[in-house]
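Enquirer: just to be clear, the model below is a prediction. Sequence and coordinates:
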Amino acid sequence: MSKKISAENIKELRSKTGAGMMDCKKALEATEGQIDLAIENLRKKGLASAHKKSSRIATEGVIESYIHAGSRLGVMVELNCETDFVARQLEFHDLAKNIAMQLAACQFVQYISIDQIPKEFILKEIEIEMEKDDILKKPENVRKNIVEGRIQKRLKEMTLMNQSFIKNPEICVEDLVKQHIALLGENIKVRRFQRFILGEGLEKKSYDFTQEVSNMIYNK
């Protein structure tokens, strides 16, 4: 006899995955109520459906902002979807807000994905790594393998989609976006972002109180 799936089980699975109610129910039925297996199945399904939708044009969406406490750091991000209907959904706005917060937390991130990083930059990084003292005396093939590993790590550190999601480190931002593609049924793309740090790029004036007092005394 198959295990009866309760509304509480479905609600729990939905809160953990963001998948639709019927998808959660079917996943639980297929796994006889085992939450962990149902999550795994939904993620696999979401990744498959997201891959199919990834080439579809997404020109609707929202521009979301996040201002960190103290108002010294802010982020604006453009998140695109296919229709205005999805752009108005709460889940889509929550995703945009979470991505903006992620960008505020990950200040080394400069690109959305690795394929946006200029080839010239990558080649220069490879050149620098190949000449580092700690691997200089190693065989050529060993050096290349070490450098490849270091470069991949560096590129992932610089890209949004490869970051561990700050609210759930078990998934990366790319997984988060794909979960929402499965949930909302449309292609979703992070198009661009801008980070603002108060005073960045400005030459800050240094204040020398002793010198000011000295000037006041001798200029009387």
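Expert: It's in. It should be emphasised that the depicted structure is a prediction, and the values quoted were computed from it without experimental measurement.
Enquirer: so how many other residues sit close to residue 174?
Expert: The burial count assigned to residue 174 is 19, neighbours taken as other Cβ atoms under 10 Å. C-beta here means a position set from N, CA and C on the backbone, and glycine is covered the same way.
Enquirer: how many residues are close by residue 92?
Expert: Using other Cβ under 10 Å, the number of residues around residue 92 comes to 23.
Enquirer: that one is in contact with residue 82, isn't it?
Expert: No: if you go by Cβ atoms under 8 Å, residue 92 and residue 82 don't touch, sitting 11.0 Å apart.
Enquirer: can you pull the phi/psi pair for residue 142?
Expert: phi -70, psi -40 (degrees, to the nearest 10).
Enquirer: list the residues that contact it.
Expert: residue 135 (Cβ atoms under 8 Å, 6 or more residues apart in numbering).
Enquirer: okay, it and residue 191: tell me how far apart.
Expert: Between residue 142 and residue 191 the distance is 40 Å, computed by Cβ to Cβ, to the nearest Å.
Enquirer: got it, and residue 7?
Expert: Residue 7 is 38 Å from residue 191, where distance means Cβ to Cβ.
Enquirer: and these two? Which one has more around it.
Expert: Here residue 7 and residue 191 are compared on neighbour count by other Cβ under 10 Å; more neighbours surround residue 191, at 13 against 9.
Enquirer: could you report the pLDDT at the more buried one?
Expert: At residue 191 the predicted local confidence, pLDDT, stands at 95.
Enquirer: wait, what's in contact with it?
Expert: For residue 191, the contact set (Cβ under 8 Å, 6+ apart) comprises 61, 78, 79, 80, 112.
Enquirer: can I get these in CSV with neighbour count and secondary structure?
Expert: Converted to CSV, these look like this (neighbours: other Cβ atoms under 10 Å; DSSP: H, G, I helix; E, B strand; the rest coil):
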residue, neighbour count, secondary structure
61, 23, strand
78, 16, strand
79, 26, strand
80, 19, strand
112, 22, coil
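Enquirer: reformat those residues as TSV; add distance to residue 42 and pLDDT.
Expert: Output for those, formatted as TSV (distance: Cβ to Cβ, whole Å; pLDDT from 0 to 100):
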residue	distance to residue 42	pLDDT
61	24	95
78	28	97
79	22	97
80	24	96
112	25	97
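Enquirer: using TSV, lay out those together with distance to residue 135.
Expert: Converted to TSV, the contacts of residue 191 look like this (distance: Cβ to Cβ, whole Å):
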residue	distance to residue 135
61	45
78	41
79	41
80	42
112	31
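Enquirer: which of those lies closest to residue 26?
Expert: residue 79 (28.3 Å; Cβ to Cβ).
Enquirer: that closest one and residue 92 touch, don't they?
Expert: Yes: if you go by Cβ under 8 Å, residue 79 and residue 92 touch, sitting 7.3 Å apart.
Enquirer: in this structure, which spans are helices?
Expert: When secondary structure is read from DSSP state H, the chain shows helices at 7-17, 21-30, 35-53, 84-87, 90-105, 119-130, 140-157, 173-184, 209-218.
Enquirer: mind checking how far the residue lying closest to residue 61 once chain neighbours are set aside is from residue 167?
Expert: Sequence neighbours aside, residue 80 is the residue nearest to residue 61 in space, at 4.0 Å (criterion: Cβ to Cβ, 6 or more residues apart in numbering). To residue 167, residue 80 is 22 Å away according to Cβ to Cβ.
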